[in-house]
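J.: I'll drop the sequence and a predicted model, then ask my questions.
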Amino acid sequence: MIAKSELIINADGSAFHLHIKPDQLADDVLLVGDPGRVGMVSSYFDTIEAEGQSREFRFATGIYKGKRMTCLSHGIGPDNIDIVMTELDALANIDFDTREIKPDHRRLTLVRMGTCGAIQPDIPLGSAILSHVSIGFDCLMRWYANLDKINLNDYEDDFLRFMDWDAAGLPRPYFVKASQRLIDQFSDWTVKGMTISAPGFYGPQGRVLRLNLAMPDMLEKLEKWRYDGRRITNFEMESSALAGMSAQLGHDAITVCCAIANRYAGESNTDYTPFVRKMVEASLDTLAKYQ
């Protein structure tokens, strides 16, 4: 039995932060950062059976083209993904009445739809970048055992050498591959990506305002690094935590992000809603296609 202090369940039987009850969670989960985007995504649903909100965590569960889906906002950053993934897995695989792990594992499909900044010159604004591999600058997965079972150690070793990482005294990153099943399903309309998940928007992504950086030439080096035919394509803040926790917990997960800035070109577009809508529509249709 899992202690009440470790798995906190609200009086109404819902997960502590998410305020979702076990029977309100679909097998297919669409994750978005902005709570306001949940309403946009769920507006495509044919019917809505349940919805609610607590802090930045807003959800709606309904039917899209015959398939049951849950859309959930996770807020910003890897720390929120730790909360979201832990509670989603608990809803799926822990009996909230007995506080015991269920004998049969329930595997969730999780698709995060976000925004990002591209760092390669040939990736135009509005592109949908699929994170085949995520690089965790956030260190979240190093708090959990058995990272070696999912970490791409050869990527990590080459990256650390190329970047001269240890000289800057920065936390050691980790490298995680997304679900191959979902990569295969989403690849025909996305850009192949290797994504950096940063624990912040400014310094950890190489932005300089009034504080200097520990690695001033980081962005230039990231643009140049190549390994196994891959290159780093974009920055965001959640894909590595999602990929890592999903792999450890036995779920399928990917991140697809709309590029709203290009760091190489110094360009950004704040009027990106049409591009995000296109990405959402394509994601919904892709999930609905595979019943």
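T.: Sure thing, it's come through. Residues are numbered from 1 along each chain as shown.

J.: mind checking how far the lowest-mean-pLDDT helix or strand in the chain is from the chain centre?
T.: Every helix and strand of the chain was ranked by mean pLDDT, DSSP states H and E. The lowest is strand 267-268, at a mean of 81. Here the centre of strand 267-268 is set off from its chain's centre by 23 Å, with CA atoms, centre = their mean, to the nearest Å.

J.: isn't residue 279 right up against residue 256?
T.: Yes - contact criterion CB atoms under 8 Å: residue 279 and residue 256 qualify, at 6.4 Å. The C-beta positions use only the backbone N, C-alpha and C, and glycine is treated the same way.

J.: Doesn't residue 141 lie inside a helix?
T.: Yes - according to DSSP: H, G, I helix; E, B strand; the rest coil, residue 141 belongs to a helix.

J.: For residue 75, see how far away the residue lying closest to it once chain neighbours are set aside is.
T.: Take residue 141 and drop its neighbours on the chain: the residue closest to it by CB to CB, 6 or more residues apart in numbering is residue 244, 4.0 Å away. From residue 244 across to residue 75, the span is 18 Å (CB to CB, to the nearest Å).

J.: Looking at those two, which is more packed in?
T.: More crowded of residue 244 and residue 75, by other CB atoms under 10 Å: residue 244, with 30 against 20.

J.: isn't there a strand covering that one?
T.: No - counting by three-state DSSP, one finds residue 244 to be helix, located in no strand.

J.: That one is in contact with residue 150, isn't it?
T.: Yes - contact criterion CB under 8 Å: residue 244 and residue 150 qualify, at 6.4 Å.

J.: Now list whatever residues contact both of these two.
T.: Taking CB atoms under 8 Å, 6 or more residues apart in numbering as the contact rule, the neighbours common to residue 244 and residue 150 are 141, 176.

J.: before we move on, back to that, residue 279 and residue 256: which is more packed in?
T.: residue 256 (26 against 23).

J.: a helix runs through that one, doesn't it?
T.: No - counting by three-state DSSP, residue 256 falls outside a helix, being strand.

J.: Give the intersection of the neighbour lists for residue 279 and residue 256.
T.: Residues touching both residue 279 and residue 256 (CB under 8 Å, 6+ apart): 113, 128.

J.: wait, doesn't residue 25 sit right on residue 69?
T.: No - in this structure residue 25 lies outside contact range of residue 69 using CB under 8 Å: 10.3 Å.

J.: How far off centre is stretch 39-54?
T.: The chain centre lies 20 Å from the centre of stretch 39-54; the measure is CA atoms, centre = their mean.

J.: what comes into contact with it?
T.: Here stretch 39-54 has contacts from 14, 17-21, 24, 30, 32, 35, 58-65, 69, 71, 113, 277, 280-281, 284, using CB under 8 Å, 6+ apart.

J.: Break down the stretch 51-200 of the chain into its strands, ranges please.
T.: 57-64, 67-73, 94-95, 100-101, 109-118, 128-136, 174-177, 191-197 (DSSP state E, counting those that start in this stretch).

J.: What is the fourth one packed up against?
T.: Other helices and strands packing on strand 100-101, by 3 or more CB pairs under 8 Å, 6 or more residues apart in numbering; DSSP states H and E, are strand 94-95.

J.: Neighbouring strands of the strand it packs on in the sheet, and parallel or not?
T.: strand 100-101 (antiparallel) (DSSP bridges).
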